[in-house]
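Student: Generate a structure from the sequence data that follows.
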Amino acid sequence: QVALRLEHSRDEFRTLVENVPGVVFRAELHAPQRMIHISRNIEALLGEKAERFTGGTVLFTDYVHGDDFARREEAIQEATASCQSYEVEYRVRDARGTLRWLSERGQPQPAGSEDSPPWLDGVLLDVTERRAAEAAIRTMAFMDPLTQLPNRRLLHDRLRQSMAVSARTRRYGALLFIDLDNFKSVNDTLGHEAGDQLLRAATGRLRSSISR
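Tutor: Modelled structure (predicted):
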């Protein structure tokens, strides 16, 4: 009866874990951080079956973007040292080569005994769509939709930064104003569509001049 209850409890736990949104995992705390358990949602996320991670055929850390690897490791190390939970966002590249953003929340667990080394419990959530939406909002806030040039809000932000740097370093810069002569007459006589085309053409010339 005890064995049956334990088996039933284990099955309920597995069902709960597999139905949690995202990917639930338990991994070794120290490199190479082999997965002790990882839920089957990892296949939808990275294109690899859970058994390949728990069997050591593939390592989760191999999918972490190289530019973000150190940030994830630093978050885990700080949480381990302070015995606190952590949260970090970073990029991964799945088995198909697609770049995704993940949010990882975890809690390092101390060793229970010599036979039970420290481990890491955590959850992975795909936040790619949220990141894309945030990037779109930033673009709408700071970029002109017609020319895709920085708008007045971004100009003011960069001016404040430059003036702060100037005050600190005693170095100076210059601000250049460029005016399109008779632009109003283009809109009035040829229409706003022609004016928009002129602005795009001017934008292209500015970009080509700056890139030289």
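Student: What are the buried residues along whichever helix in the chain runs longest?
Tutor: In the chain, with assignment by DSSP state H, the single longest helix is helix 192-211. Neighbour counts over helix 192-211 (16 or more other CB atoms under 10 Å) mark 195, 199 as buried. In short, each C-beta sits where N, CA and C put it, glycine included.
Student: Now do it: which elements does it pack against?
Tutor: helix 183-190 (3 or more CB pairs under 8 Å, 6 or more residues apart in numbering; DSSP states H and E).
Student: and the angle from the longest helix of the chain to helix 183-190?
Tutor: Counting by axes from the mean of the first three to the mean of the last three CA atoms, to 10 degrees, helix 192-211 lies at 140 degrees to helix 183-190.
Student: any idea of the mean pLDDT for helix 192-211?
Tutor: Helix 192-211 carries an average pLDDT of 88.
Student: Same question for stretch 94-106.
Tutor: Rounded mean pLDDT across stretch 94-106 is 93.
Student: Given the helix or strand hosting Leu102, what are its sheet partners and their directions?
Tutor: Applying DSSP states H and E as the criterion places Leu102 in strand 99-109. Strand 99-109 has the following sheet partners, assigned by DSSP bridges: strand 86-93 (antiparallel), strand 119-126 (antiparallel).
Student: Check which residues of the first one are buried.
Tutor: Same thing as strand 86-93. 86, 88-92.
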